[in-house]
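J.: Got a predicted structure here, sequence first:
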Amino acid sequence: MSAEIELFIADSPTPYLDAGIADTAFIVMWSSFFIPKAIDPNSVISLPRYVETNSERLKERFLSFVDQVGHSEIGTRSVIDHLTLSSNFSYWWMTLFACKRWDESSRIIEAVRLLALEEILASKNLKMISMQASDSKVKEIVKNWSKSNSVEFRDISENQRKYRQRNTRVGLLPRPAKAAFVLLREIIGRRKLGVAKNVPSAPVDTVLVDHFTKFDIASAERGEFVSGFWGQLLNSSHLSMHRFAYIHNFVASTTTPTRVAANKYLAKFNRSPDQGLHTLLSLRIKPKTVFTVVVFYLRLVGARFRIRSISGRFTPNRSSMDLWPLFRGEWLDSLSGSTAMRHSILISDLELAAMNTPPCKRIVYLMENQPWEMAFLQIFKNRRRELLVGYPHSTIRYWDLRYWTASHNLDEHMLSLPPTPHQVAANGPMTRSALESSGFQFQRICNVEALACLYLGDGAKFAVGKSTQRLLILGDFFPAQNTALLNLLSQVDIDIRSRSITVFKPHPLCQVDERWITELNLRTDTRSLSDLLPECDVVISTNGTSAAAEAHQFGVKVITILNGDTPNFSPLRGVPNAFFVASPQDLQEALAAESISSMPTRNEYFSVDGSLTGWQELLSNN
């Protein structure tokens, strides 16, 4: 039997290097892809790299875990059945846990890493686990695992700098009080909006459902709808006689910070008959609606009470890692907190939309598998008979688990399986491949063009070697991703940076601290990628931005920064000729390498046929 060892788990290896004990212990780095040269590689494991190496197994384990919770029985019924609160409608698919959404408060990353950590721990003969970590929930789970496996646990992070939890929720109000505040805020915020019409408008061919953002403001001021989502589809000569109507899901932005501001633009669009009918999903909340919303919310609270023993179902099969501490907050919020109230209001909005949407042949919506879509699909299938087409307008990334399920038989009539559209319009070969690998039936996938990327069809621009590189940095939707990228760039040799003209394109919904811009001598440019890509030689991106795929197809070298806080979330994961770096040294070498300006092999990520033959075929079918 091998000798017992002490295992250290840390956010980074720095404390152990400083203590001089790296040679006598086994180290697991929780959130670092990069292993310092000062550490013996045989005595350390990078958990993010371990997850990537064993991605297929760990991904399937987490998906099976989510499926396990939904199908676990409480009393004589499954959790999914307990949350079936009306005919053919299960709220389970709207819970934040079941949706497997990615944002800065999601705990999927930690859950997958804990499953990976358990595999590592099982392979060691442990006498003690020492842990330095900023996440109290993760420490609680590892401590409980150690106790159940008779391994001593030591928390050595008490004297470390205290980090703010990523999932901290502001406010000490009880969840029902937060829910009441959400309802009051929505009533006040919508008081100047219109009310639902009693009679549907004239028939149209297609209803397009999108987010009210990414439209050209200058054109909107003139009453013209120029959409970044639908692009040339609305101006195609082949579809000039096609009649469109629009349902816009409100998204707060600097241009339209409120629904009232958004409604002013919609009124301008609706003055012109050839612009089609534009409506906002959110309408004024009438007293009768308030009653309906509150009743549904109370039913959610009642369901939460009936299945309160669900906390014991959050230990995956063949595991002793109890993951309930990770998901407790979002689960309770989904059933009795502010999220429960927002979803109750959303369901009411969708019920009204289903009644008042003009008669049409098909409804095409932006497919991202968000909670609102789970409600939209169930309600519209119950209320209407049109063909529902999901359009993934961006990329489907390997670790975006919203698109994957452990159940591969996606029968749309079974409440025990996730709601799906009748058809999915794939915007390119990579999207189609991802859909098929996720288990979506290939017969229900049609090929269309990527409407936001048609500029790529004008011909790739291949970079040539220059003494001065022109760098384009792509900002991310998440602030933490931007910080990791810019922090890494700040550690690159100043001589290399001085030989580069560096432009930073921020994400439209996430501005970056101006101190970074000044410190790194960046030039901010908010123009579209179609304008910026011809002017650059190298693109540096976070591992989460879909714009990296556009740059790659355009023919520009793309360097992706691997941030240890997330798995490799890049759309270029597994794509030939994509560059990934995890340390300042890696980035410095990539920027200095002569090969970085050589002609890359172009990969067809998106379909970019400007004639829109795919869309014509889809919209011409009855």
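T.: That came through, no problem. This one's a predicted model, so the numbers in the text were calculated from it and none came from an experiment.
J.: Not counting sequence-adjacent ones, nearest residue to residue 33?
T.: Spatial nearest neighbour of residue 33, chain neighbours left out: residue 582 (3.7 Å); criterion: C-beta to C-beta, 6 or more residues apart in numbering. No exception for glycine: its C-beta is placed from N, CA and C like everyone else's.
J.: what's the spacing between the one you found and residue 209?
T.: 39 Å (C-beta to C-beta, to the nearest Å).
J.: quick one: which of these two has more around it?
T.: Neighbour count, other C-beta atoms under 10 Å: between residue 582 and residue 209, residue 209 has more, with 25 against 22.
J.: Helix, strand, or coil at that one?
T.: Secondary structure state of residue 209, per DSSP: H, G, I helix; E, B strand; the rest coil, is strand.
J.: tell me the contacts of it?
T.: 246-249, 363-366, 376 (C-beta atoms under 8 Å, 6 or more residues apart in numbering).
J.: quick one, helices of the stretch 301-450 of the chain?
T.: 324-336, 338-356, 371-383, 429-437 (DSSP state H, counting those that start in this stretch).
J.: List phi and psi for the residue nearest to residue 33.
T.: phi -130, psi 0 (degrees, to the nearest 10).
J.: surely it meets residue 29?
T.: No - between residue 582 and residue 29 there is no contact under C-beta atoms under 8 Å: 11.2 Å.
J.: Could you pull out the residues contacting both of the two?
T.: residue 564.
J.: about what we covered before: turn the helices of the stretch 301-450 of the chain into CSV, including mean neighbour count.
T.: Below are the helices of the stretch 301-450 of the chain laid out as CSV (neighbours: other C-beta atoms under 10 Å):
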stretch, mean neighbour count
helix 324-336, 21
helix 338-356, 21
helix 371-383, 21
helix 429-437, 18
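J.: Just the ones of the contacts of residue 209 in strands?
T.: Using DSSP state E, the subset of the contacts of residue 209 located in strands is 246-249, 363-366.
J.: out of the contacts of residue 209, who's nearest residue 292?
T.: Each of the contacts of residue 209 was scored against residue 292 by C-beta to C-beta, and residue 376 proved nearest at 17.4 Å.
J.: Go ahead and confirm residue 392 touches residue 427.
T.: Yes - Residue 392 lies in contact with residue 427 (C-beta under 8 Å); the separation is 6.4 Å.
J.: Those two: who's more crowded?
T.: residue 427 (26 against 21).
J.: Could you tell me which residues make contact with the nearest residue to residue 525 once chain neighbours are set aside?
T.: Excluding its sequence neighbours, the residue lying closest to residue 525 (C-beta to C-beta, 6+ apart) is residue 503, at 5.0 Å. Applying C-beta under 8 Å, 6+ apart, we find residue 503 in contact with 470-473, 522-525, 532, 535-536.
J.: and residue 503, how far is that from residue 521?
T.: Distance from residue 503 to residue 521, by C-beta to C-beta: 11 Å.
J.: Equivalent analysis for residue 192, please.
T.: For residue 192, the distance to residue 521 - C-beta to C-beta - is 45 Å.
J.: Over to residue 274?
T.: If you measure residue 274 against residue 521 using C-beta to C-beta, the figure is 47 Å.
J.: out of those two, which sits in the busier spot?
T.: residue 521 (12 against 7).
J.: so the closest residue to the more buried one other than its chain neighbours bridges to which residues?
T.: In space, and not counting its chain neighbours, residue 521 is closest to residue 502: 7.0 Å by C-beta to C-beta, 6+ apart. Beta bridges link residue 502 to residue 471, judged by DSSP bridges.
J.: Pull the contacting residues for residue 502.
T.: 471-473, 520-523.
J.: Point out where the stretch 301-450 of the chain drops to low pLDDT.
T.: 407-416 (pLDDT under 70).
J.: same thing but at 50, please
T.: Low-confidence segments of the stretch 301-450 of the chain, defined by pLDDT under 50: 408-413.
J.: mind listing the strands for the stretch 501-622 of the chain?
T.: 523-524, 538-541, 557-561, 579-581 (DSSP state E, counting those that start in this stretch).
J.: For the third one, which outside residues touch it?
T.: Read it as strand 557-561. With contact meaning C-beta under 8 Å, 6+ apart, strand 557-561 is reached by 463, 484-485, 488, 537-543, 548, 551-552, 570, 572, 578-582, 587, 590-591, 596-597, 600.
J.: at 6 Å what do you get?
T.: Residues outside strand 557-561 that contact it (C-beta atoms under 6 Å, 6 or more residues apart in numbering): 485, 488, 538-543, 548, 551-552, 570, 579-581, 590, 596, 600.
J.: Could you do the last one as well?
T.: Taking C-beta under 6 Å, 6+ apart as the criterion, the residues outside strand 579-581 that touch it are 559-560, 562, 587, 590.
J.: one more time with 8 Å
T.: 488, 543, 557-562, 568, 570, 587, 590, 596.
J.: would you turn those into TSV with neighbour count and distance to residue 174?
T.: Shown next, in TSV, are the contacts of strand 579-581 (neighbours: other C-beta atoms under 10 Å; distance: C-beta to C-beta, whole Å):
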residue	neighbour count	distance to residue 174
488	21	41
543	28	38
557	25	53
558	27	47
559	20	47
560	27	43
561	26	41
562	24	40
568	23	39
570	28	40
587	22	47
590	18	51
596	18	55
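J.: Helix, strand, or coil at the residue positioned nearest the centre of the chain?
T.: For the chain, the residue sitting closest to the mean C-alpha position, by C-alpha atoms, centre = their mean, is residue 102 at 4.2 Å. Here residue 102 is coil, with the state taken from three-state DSSP.
J.: list the contacts for it?
T.: Residue 102 sits in contact with 108, 399-402, 569, where contact means C-beta under 8 Å, 6+ apart.
J.: relative orientation of the strand or helix carrying residue 291 and helix 338-356 in degrees?
T.: According to DSSP states H and E, residue 291 maps onto helix 287-306. Angle, helix 287-306 to helix 338-356, by axes from the mean of the first three to the mean of the last three C-alpha atoms, to 10 degrees: 130 degrees.
J.: helices and strands around helix 287-306, which ones?
T.: Under the contact criterion of 3 or more C-beta pairs under 8 Å, 6 or more residues apart in numbering; DSSP states H and E, helix 287-306 touches strand 84-86, helix 175-189, helix 324-336, helix 338-356.
J.: Which among the ones you listed is found nearest to residue 281?
T.: Closest among these, using C-beta to C-beta: helix 338-356, at 5.3 Å.
J.: That closest one versus strand 362-366: what angle between them?
T.: Using the same axes, to 10 degrees, helix 338-356 lies at 150 degrees relative to strand 362-366.
J.: Pull the residues that contact helix 338-356.
T.: Counting by C-beta under 8 Å, 6+ apart, 91, 94, 96, 175, 178-183, 186, 196-197, 200, 247, 279, 281-283, 285, 289, 292-294, 296-297, 300-301, 330, 333-334, 371-372, 375-376, 379-380, 382-384 sit against helix 338-356.
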